[in-house]
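In: Predicted model and sequence below, questions to follow.
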Amino acid sequence: MSTTPAYVHETFPAGLQQDGAPDERTEAWMQTVAQGFNAEAPTAAASRRRAAWLVEEGAVLRAVHPVEGREGVDGLGRPVATFVRTEGSVNLGGPELVPTRMITSVTVRPAHRRRGILRAMMEAELQDAVDAGAPLALLTVTEGSIYQRFGFGTAVRSRSVTVDTGPRFALHRQPAGRVESVDGAWLEPRIGALFERFHARTIGSVTRRAGWSRYFVESDGETRARGVRAAVHLDDAGAIDGYVAYTAKGEFEARELEVHELVAGSDDAYLGLWQHLAAIDLAATASLEAAPLNGPLQFALVDQRVVRTTEVYDDLWARVLDPVAVLRSRGYGPLARAAGLELRLRVRDVLGHAEGVFAVRPHADGVDAERVEGGAQLELDVSDLGSLLFGNAATTLAAAGRIDELEPGAVALADGLFAVPGGAYFQSHF
Ligand SMILES: CC(=O)SCCNC(=O)CCNC(=O)[C@H](O)C(C)(C)COP(=O)(O)OP(=O)(O)OC[C@H]1O[C@@H](n2cnc3c(N)ncnc32)[C@H](O)[C@@H]1OP(=O)(O)O
């Protein structure tokens, strides 16, 4: 269904007035986003800060208004639908980070739902991304059933964990380096550079959006949260290679640590920072919402049950727009490259962008990927290509009835080519 002619779609860059306040349409857009997610309406100070972040990252906003009655019943002229995209990169294990579009803040007001407004915004965005040469689009979802129809597939699954930081927490081996508590205000401006190190070494990692460390900010948008504590890991040479930011909650003697972020640029930093959390007195547990599904912490512990998984969820979704570009820029393991194997995939795409048969051949000097005429060994929807790229096993997708094996052995071949040892992980939710 396409959008009815009763709506007008607008696309504009997030903007500020001379005094730093959001411009009128950016402010109206932000108020609608808050309403769409049932969140508190942003105060003037919070609006200024969020708008500044949007401008910093070159955000392009979409807003939809009714042609008739644009000013709304309350006369405030707020849009009935919102959508934003920023440009970023994702680590797919290749020599370079892969450029991507990041989509978020999609809302349609209740009175205007199920009339095709989301579809119209999404189709326009994906076409714009193709025209601009973007190979990939990413988003995170509020509901699992919305975005497959647009070609998005589950890319990275995450889990929430609660770690018992009492005496049961003991590592097999002492990580190298040391951890020091630091002031949050000192850390905040250094976080971006530290994150880049994590981004460069972690398959699945996505650009960290401006303002991601908003946990340092009180809800009035101005005051630095006094409750946020931070620590950094220093390697043996004294260089900082990871950080953790957390808040202690609950009763004085049995506090729980809510970990906002634990970002490690090395394995020692990862274990060292967890060990630091466990060493904090008067706290019984530490909880992290976006932990890797298969991270090393459990194996590093003497008692693996110290880590309790409280939730597993689909986190990042990927939409391939240019299969040749993503297959070429993705990394492949040394065994796949040494074997010089070729896989030919037939991709179905109802929107047409990624439709066709594509061959990929990793080899010792790089990767060949091209569109070919036929001879496909596997057939799959573009949403499942998004899943494969991030290391979700072809065997699992075939067992789920999502991939058709056209030539015996092709599923196993895809498993070998697309495997991500340790699993893809991202923690810059957007
Ligand atoms: C990336 C993000 O920002 S995720 C956040 C998504 N936003 C929210 O959850 C906020 C609350 N919800 C909303 O604002 C709206 O209900 C939206 C944005 C989810 C949907 O907007 P609408 O304009 O109603 O969607 P639209 O009418 O274009 O529907 C497009 C298709 O998606 C389907 N769809 C829409 N919403 C849902 C849903 N919640 N669950 C399942 N399917 C859905 C429709 O049936 C339609 O299918 P079809 O075109 O294949 O027949």
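Out: Great, that's in hand.
In: could you dump the lengthiest helix in the chain to PDB, C-alpha only?
Out: Ranked by residue count under DSSP state H, the longest helix found in the chain is helix 117-131. Coordinates of the C-alpha atoms in helix 117-131 are reproduced here as PDB (Å, rounded to 0.1, in the frame of the first residue of the first chain):
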ATOM      1  CA  ILE A 117       3.100   6.000   6.100                       C
ATOM      2  CA  LEU A 118       5.900   3.800   7.400                       C
ATOM      3  CA  ARG A 119       6.100   2.000   4.100                       C
ATOM      4  CA  ALA A 120       6.300   5.200   2.200                       C
ATOM      5  CA  MET A 121       9.100   6.600   4.400                       C
ATOM      6  CA  MET A 122      11.000   3.300   4.400                       C
ATOM      7  CA  GLU A 123      10.800   2.800   0.600                       C
ATOM      8  CA  ALA A 124      11.900   6.400   0.000                       C
ATOM      9  CA  GLU A 125      14.800   6.000   2.400                       C
ATOM     10  CA  LEU A 126      16.000   2.700   0.900                       C
ATOM     11  CA  GLN A 127      15.800   4.200  -2.700                       C
ATOM     12  CA  ASP A 128      17.700   7.200  -1.500                       C
ATOM     13  CA  ALA A 129      20.300   5.000   0.000                       C
ATOM     14  CA  VAL A 130      20.700   3.000  -3.200                       C
ATOM     15  CA  ASP A 131      20.900   6.200  -5.300                       C
END
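In: from memory residue 417 sits against residue 336, does it?
Out: Yes. Look at residue 417 against residue 336 with C-beta atoms under 8 Å: they come within range, at 5.0 Å. Just so you know, the C-beta spots here come from the backbone N, C-alpha and C atoms, and that holds for glycine as well.
In: Determine the residues that are contacts of both of these two.
Out: residue 362 (C-beta atoms under 8 Å, 6 or more residues apart in numbering).
In: got the contact list for whatever helix or strand comes next after the longest helix of the chain?
Out: For helix 117-131, the following helix or strand on the C-terminal side (DSSP states H and E) is strand 136-139. With contact meaning C-beta under 8 Å, 6+ apart, strand 136-139 is reached by 85, 88, 90, 98-104, 106, 125-126, 129, 147, 152, 155, 206, 316-322, 326.
In: mean confidence for the longest helix of the chain?
Out: Helix 117-131 comes out with an average pLDDT of 98.
In: ok now that helix, how far from the chain's centre?
Out: 20 Å (C-alpha atoms, centre = their mean, to the nearest Å).
In: lowest confidence element among the helices and strands of the chain?
Out: When the helices and strands of the chain are scored by mean pLDDT, DSSP states H and E, helix 184-187 comes last with a mean of 88.
In: That one packs against which elements?
Out: Judged by 3 or more C-beta pairs under 8 Å, 6 or more residues apart in numbering; DSSP states H and E, the packing partners of helix 184-187 are strand 228-234, strand 240-249.
In: Okay, buried residues for it please.
Out: Neighbour-count burial for helix 184-187 flags 184, 187 (criterion: 16 or more other C-beta atoms under 10 Å).
In: what's the answer for stretch 247-254, then?
Out: Buried residues in stretch 247-254 (16+ other C-beta under 10 Å): 247-248.
In: Inside helices: which ones of the contacts of strand 136-139?
Out: Of the contacts of strand 136-139, the ones assigned to helices by DSSP H are 125-126, 129, 326.
In: buried subset of the residues you listed?
Out: 125-126, 129, 326.
In: mean confidence for stretch 418-430?
Out: Mean predicted lDDT for stretch 418-430 stands at 94.
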